[in-house]
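Participant: Starting from these lines, generate the structure:
(chains A and B)
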Amino acid sequence: KAGVTQTPRYLIKTRGQQVTLSCSPISGHRSVSWYQQTPGQGLQFLFEYFSETQRNKGNFPGRFSGRQFSNSRSEMNVSTLELGDSALYLCASSPSGTGVGHTEAFFGQGTRLTVV
Amino acid sequence: DAKTTQPPSMDCAEGRAANLPCNHSTISGNEYVYWYRQIHSQGPQYIIHGLKNNETNEMASLIITEDRKSSTLILPHATLRDTAVYYCIVTSGGSNYKLTFGKGTLLTVNP
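Facilitator: Below is the predicted model of the structure:
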């Protein structure tokens, strides 16, 4: 069974630009979460989508947004990039993300975004 | 979600058991304890989770104290490939599903 696929793996953008990152979850998984990892702040939760609806959101500015499609694939968008947005962006999928049966999250390899 | 406290670093000799502690004294009744690890520059990897009973799988064992205020992850025979940052996470899941990562414990397995 294929794992979580994130594209692209590496990206360099200029300050002020916008960027879209993509995540294909494991087949059958309906919950997709996004995380930002930086050396200073560690791993921080951005948002979670379940059945095309944003169900939970972390403490990030509105420049960070996302969406989920009917096939559970998800994208996240960062507008008006700042130098501090340079980070590893990780996507995780799980079957339901709910407390029922409590399952684990499967992470992708991440997209390394560098803002110059 | 309850907060967790872990030692910043630990060392272990190859072949020996690695015991990684985690304190979660404010855990509530519906919260599970999860362990993930992250090998350098890779996505975190799920290890094990539990509610109140001890759990074991092919990777590790999870020992949760009776009062659920702390837990220990045990890697029975550590190898060099187990060198990673280990995160202990407490979450209730449901509509508030998210993983709150702390700083974790850097486990270094030495030859």
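Participant: Who does A:Val78 form a beta bridge with?
Facilitator: Following DSSP bridges, A:Val78 is listed with bridge partners A:Val19, A:Phe64.
Participant: In chain A, what residue comes closest to chain B?
Facilitator: Closest residue of chain A to chain B, Cβ to the nearest Cβ: A:Phe107 (3.2 Å). Quick note: C-beta positions are derived from backbone N, CA and C, even for glycine.
Participant: So that residue sits against A:Cys23, correct?
Facilitator: No - proximity of A:Phe107 to A:Cys23 does not meet the contact threshold set by Cβ atoms under 8 Å, at 10.1 Å.
Participant: for the chain, which residue is closest to the average position?
Facilitator: Using chain A here. A:Trp34 (2.8 Å; Cα atoms, centre = their mean).
Participant: Chain B was what I was after
Facilitator: B:Trp35 (3.4 Å).
Participant: List phi and psi for that residue.
Facilitator: Per-residue torsions, B:Trp35: phi -120, psi 130 (degrees, to the nearest 10).
Participant: List the contacts of it.
Facilitator: B:20, B:22, B:46-49, B:60, B:62, B:73, B:86-89 (Cβ atoms under 8 Å, 6 or more residues apart in numbering or on different chains).
Participant: Out of the residues you listed, which are close to chain A?
Facilitator: Near chain A, judged by Cβ under 8 Å from any Cβ of the partner chain, the entries from those are B:Tyr46, B:His49, B:Tyr87.
Participant: Just the pLDDT at the residue in chain B that chain A sits nearest to, thanks.
Facilitator: Of all residues in chain B, B:Gly43 sits closest to chain A, with a separation of 3.2 Å (Cβ to the nearest Cβ). As predicted, B:Gly43 sits at a pLDDT of 94.
Participant: so how far is A:Tyr89 from it?
Facilitator: 10 Å (Cβ to Cβ, to the nearest Å).
Participant: Tell me the residues on chain A that lie near chain B, please.
Facilitator: A:4, A:31, A:33, A:35, A:42-45, A:48, A:50, A:55-56, A:58, A:88, A:90, A:92, A:94, A:97-99, A:102, A:104-110.
Participant: Of those, which belong to strands?
Facilitator: Counting by DSSP state E, the residues of chain A next to chain B place A:31, A:33, A:35, A:42-45, A:48, A:50, A:55-56, A:88, A:90, A:92, A:94, A:106-107 in strands.
Participant: which of those count as buried?
Facilitator: A:31, A:33, A:35, A:43-45, A:48, A:50, A:55-56, A:88, A:90, A:92, A:94, A:106-107 (16 or more other Cβ atoms under 10 Å in any protein chain shown).
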